[in-house]
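# A structural model of the following input is requested.
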Amino acid sequence: MPGAAITPRVQVMVICSEVIASEIESDVFTLEGVRQYLVSPTCPCVFRPYLFLVLSNARRGVFHGVAKIQDEGTNRVIRYGKFDVTFERDRERRPMYINLGACRFPEFGEYNFQVWFSAQGRDEVLKGEQVFEIVPALE
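Just a heads-up that it's a prediction; the model follows:
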């Protein structure tokens, strides 16, 4: 069975400035500063993105994932973060978020946020991607 068929699916992928978990309900989150681009007066610039995901999988188990931010112009990866997700039952959906920390974007242009998963003994499979742009501020 191909790795893509046995790894989680990315149902929702949102880039934002902050994710706040509810104190009274499990799996409920408030997303602050949802964005498709960032306006910056200069480059390089620093942004601390969170990546909010809703994942689904047909089978229970623990899966190893990687979140990457890739410069579309140079194909250089500027952030690489590992994470795990646990599905406790078959056909489960799991919301989660990843704090990617301070990311230095070297120049204006497009960057690709990517989510990869690997299955036991198989290569990583790209399961989700979102284009994000750093644009210059108008003077």
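# For the one residue sitting closest to the centre of the chain, give me its contacts.
The structure's the chain has its C-alpha centroid closest to residue 51; by C-alpha atoms, centre = their mean the separation is 4.2 Å. Residues near residue 51 by C-beta atoms under 8 Å, 6 or more residues apart in numbering: 13, 14, 15, 67, 97, 98, 100, 113, 115. C-betas here are computed from N, CA, C, even on glycine.
# in its sheet, what does the helix or strand the second one falls within sit against?
Think residue 14. If you go by DSSP states H and E, residue 14 is part of strand 9-16. Sheet pairing for strand 9-16, assigned by DSSP bridges, gives strand 50-57 (antiparallel).
# May I have the strand holding residue 14 as CSV, with CA atoms only?
Provided in CSV are the C-alpha atoms of strand 9-16 (Å, rounded to 0.1, in the frame of the first residue of the first chain):
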residue,chain,number,x,y,z
ARG,A,9,-4.9,13.6,5.5
VAL,A,10,-4.8,17.4,6.0
GLN,A,11,-8.5,18.5,6.0
VAL,A,12,-7.8,22.1,7.1
MET,A,13,-4.5,24.1,7.1
VAL,A,14,-4.4,27.7,8.4
ILE,A,15,-1.5,30.0,8.9
CYS,A,16,-2.0,32.5,11.8
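# after that strand comes which helix or strand?
strand 18-21.
# Which other helices and strands does that following strand contact?
Applying 3 or more C-beta pairs under 8 Å, 6 or more residues apart in numbering; DSSP states H and E, we find strand 18-21 packed against strand 29-32, strand 50-57.
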